[in-house]
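Enquirer: I'd like to go over a predicted model; first the sequence, then the structure.
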Amino acid sequence: MPDAMGRDTDSDGAPTEALDIAHPDLTHFGLEELGRAAWITVVILAAAAIAVVRWPVSWLAKRRRFTVSLAEGVVKGFEALGPTFVKLGQLMASSPGVFPPVLADACLRLLDGVPPVPAHKARRVIERDLGGSIAELFTSFDDVPLSAASVAQVHACVLPDGREAVVKVQRPEIRRRMRVDLRVAFTGASLLERFFEVFRIANATAVVRDLDELTAEELDSAAEALRQQRFRDNLYVFGDNSHVMVPDIYWSHCGPRVICMERVRGTPVGRITPGDLAGLDSELQLRRGVKVWLEAVVLQGPFHGDVHAGNLWALDDGRVGFLDFGIVGELPEQWREVLREMFRASLFDGNYTEAARRIRMLGITEGTTLGDKLIGLQLRKLFEPILGRGAARVDLSKLVASLVETGRRWGIATPEELVLFGKQLGYFERYSAALAPEWVLGRDLFLFRNILPEEVAAAVAARNIALPD
């Protein structure tokens, strides 16, 4: 219902749209908010120390235990501060090439080790959303959650018709808490940009703004369920991808803060090794998952925008499962054409001139006088480290720096679409290191069978090879 300002609110009285975090009204902060601001400042400064302070070689650089302990302290701070900072830690854990490895490793437990809310609070949210008691809604309901994340937790249940399901329920009062955190985080990011160049280059305030927008999107459970169903519907349009699945939505048991879906059993990719897959080809499993993700990016529009280590599973039945569609991105058609041309160049001739021409058509290179050929050469230099090398050996920190430098040379801000694309590829870096260290994404014809069907078919015939199912 609307609040006093006419905005739509949830049952906790918090606005459902993104917040004006750039103008926090600190005069309305109480003791709790000011106390959290102090804790946030301490934790951010500790993380910044790991990332930017260059310790003297003769002292702390030789004492790894100090930085490990500091990183553990940062993670404990994230856990104490709650959902907003747990989500930040999850980003760090899934992107070890961007963040210091010691900090990324310490954050791994945040992927699925967040303390759950008490069962009676989760039950109350479900009953308010669905308009009935737990006994009426389910044949059985497990009070011990299967997993607990920063925004929601998942409980196993059985529907009255006998279907095994899970219920994803938002944490109570999460909107109010995240509203305070995001406003304080924006203020902190502004200060860090003022005093540290690395945060200006990384555009820390823009990261917080993006997190604010994504949070508003992720807290809309009805929209998330629709996104998941759409991704599932797109999965099999080419008649293949039978080894990949997305859980079906059970709409009769969904509400503003509750999503009910098919139950799956398996192991998050971030917690498996090649030997855990019981004779299955771990590299092929990863390739199948990336193939589906790329098809969504380039051909279908909506793609999974948060493929961290807890959202991509190796299922017990041998399939790959995509879970949690709280964040979904969609590139404009023009950018999808650019990516198709980049992949074509990487796979076949190394000529990025057509990709450069399409980028120029978008009007984002107006700040440069370079021709298409020279822009194409720059694109090749930028993307070959990702598309032409084993994914496990990509240095994403150098990639991000290259993106920023290319934007500076062209007289423009770094294209957000390319940053998004590179960020999502980064989530596969850790998986490939364990499951497919020699796999080269940009040379794998299998991934592009539906994206570039004619070219791939010709190459398969010429090389006399067979692609997997």
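Expert: Alright, I've got the coordinates. Residues are numbered from 1 along each chain as shown.

Enquirer: any idea how far M261 lies from V154?
Expert: Between M261 and V154 the computed distance is 9 Å (CB to CB, to the nearest Å). (Each C-beta comes from the backbone N, C-alpha and C, glycine too.)

Enquirer: Find the residues that touch each one of those two.
Expert: By CB atoms under 8 Å, 6 or more residues apart in numbering, M261 and V154 have these common neighbours: V166, K168.

Enquirer: can you tell me how far N450 sits from Y236?
Expert: According to CB to CB, N450 stands 11 Å off from Y236.

Enquirer: Revised request: answer the last question for E455.
Expert: Applying CB to CB, the value for E455 to Y236 is 23 Å.

Enquirer: which one is R177 nearest to, not counting chain neighbours?
Expert: Among residues not flanking R177 along the chain, G82 sits closest, at 5.7 Å (CB to CB, 6 or more residues apart in numbering).

Enquirer: wait, what's in contact with that neighbour?
Expert: Taking CB under 8 Å, 6+ apart, one finds S150, R177, D181 in contact with G82.

Enquirer: more crowded one of N450 and Y236?
Expert: Ranked by neighbour count (other CB atoms under 10 Å), N450 and Y236 place N450 first, with 19 against 13.

Enquirer: Wait, that one touches A296, no?
Expert: No - taking contacts as CB atoms under 8 Å, N450 lies outside contact range of A296: 10.8 Å.

Enquirer: Mean pLDDT per helix and strand in this protein: which one sits at the bottom?
Expert: In the chain, no helix or strand scores lower on mean pLDDT, DSSP states H and E than helix 396-410, which sits at a mean of 55.

Enquirer: Of the contacts of G82, which belong to strands?
Expert: With strands taken from DSSP state E, there is no overlap with the contacts of G82.

Enquirer: Any of those residues buried? List them.
Expert: Neighbour counting by 16 or more other CB atoms under 10 Å classes S150, R177, D181 among the contacts of G82 as buried.

Enquirer: May I have the residues that are in contact with the residue nearest to the last one when sequence neighbours are not counted?
Expert: Using CB to CB, 6+ apart and skipping the chain neighbours, the partner closest in space to D181 is T84 (3.8 Å). With contact set as CB under 8 Å, 6+ apart, T84 has these partners: S150, R177, M178, D181, L182, A185, L211, T215.

Enquirer: how far away is T84 from E173?
Expert: Taken as CB to CB, the span from T84 to E173 is 13 Å.

Enquirer: just A148 next, same as before
Expert: Distance, A148 to E173, using CB to CB: 15 Å.

Enquirer: So for these two, which sits in the more crowded spot?
Expert: More neighbours surround A148 than the other of A148 and E173, with 19 against 15 (other CB under 10 Å).

Enquirer: K291 versus G239, what's the distance?
Expert: 14 Å.

Enquirer: Which of the two has more residues huddled nearby?
Expert: The neighbour count for G239 versus K291, taken as other CB under 10 Å, is higher for K291 (23 against 7).

Enquirer: if I've got this straight, that one is in a helix?
Expert: Yes - applying DSSP: H, G, I helix; E, B strand; the rest coil, one finds K291 inside a helix.

Enquirer: Isn't it up against L445?
Expert: No - if you go by CB under 8 Å, K291 and L445 don't touch, sitting 10.6 Å apart.

Enquirer: I'd like to know how far the nearest residue to F348 once chain neighbours are set aside sits from A296.
Expert: Closest residue to F348 apart from its sequence neighbours, by CB to CB, 6+ apart: E455 at 6.3 Å. Distance of E455 to A296, given as CB to CB: 20 Å.

Enquirer: what does L110 give?
Expert: L110 sits 26 Å away from A296, going by CB to CB.

Enquirer: same question, S282
Expert: Counting by CB to CB, the separation of S282 from A296 is 22 Å.

Enquirer: neighbour count winner among those two?
Expert: Using other CB under 10 Å, the more surrounded residue of S282 and A296 is A296, with 23 against 19.
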